[in-house]
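K.L.:
For reference, the sequence and a predicted model appear below.
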Amino acid sequence: MTSGGLVADTATVSESAYVGPNAVISGNAVVSGNACVSGNAVVSGDAWVGGDARIDGEAWVGGDAQISGNAWVSDYAWVGGDAQISGKAQISGDAWVGGDAQISGDARIDGEAQISA
């Protein structure tokens, strides 16, 4: 159900996923399942967003990051490296998650928090 946005020829978006009119999917990024990328969000590099995950606002997901389940990345949050965000985890505000960090369950990372492993 891609409805717009900029989707690179090298990126993959499944028919059941939603990409909003101002969102950007670039590089070799994959958006699958019922995932939703909206607002001015960017998914780039080799990042994978699937399940019922949501990326919105001005959020950026890149590198080899994986966002799955009902996870939500919003506002100006940044997720990169090999980070994995899953379950009902929420990354928002100006938070930064990178490296090999794994955030799951009902975790909430907000404000100016910086998480890296």
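P.N.:
Ah, there it is.
K.L.:
Going by C-alpha atoms from here, please, whenever you check contacts or count neighbours.
P.N.:
Will do.
K.L.:
What's the local residue count around Asp94?
P.N.:
18 (other CA atoms under 10 Å).
K.L.:
mind listing the helices for the chain?
P.N.:
Per DSSP state H, the chain has no helices. Nothing in it meets that criterion.
K.L.:
low-confidence ranges in it?
P.N.:
The model of the chain has pLDDT under 70 over residues 1-3.
K.L.:
If we use 50, what do you get?
P.N.:
Applying pLDDT under 50 to the chain flags no residue at all.
K.L.:
Which strand residues bridge Ile55?
P.N.:
Val37, Val73 (DSSP bridges).
K.L.:
Adjust the sequence numbering to begin at 18 for everything that follows.
P.N.:
Got it, the first residue is 18 from now on, which makes the last one we talked about Ile72.
K.L.:
so who does it touch?
P.N.:
53-55, 58, 89-91 (CA atoms under 8 Å, 6 or more residues apart in numbering).
K.L.:
ditto for Ile120
P.N.:
With CA under 8 Å, 6+ apart, Ile120 has these contacts: 100-103, 106.
K.L.:
Sounds good, over and out.
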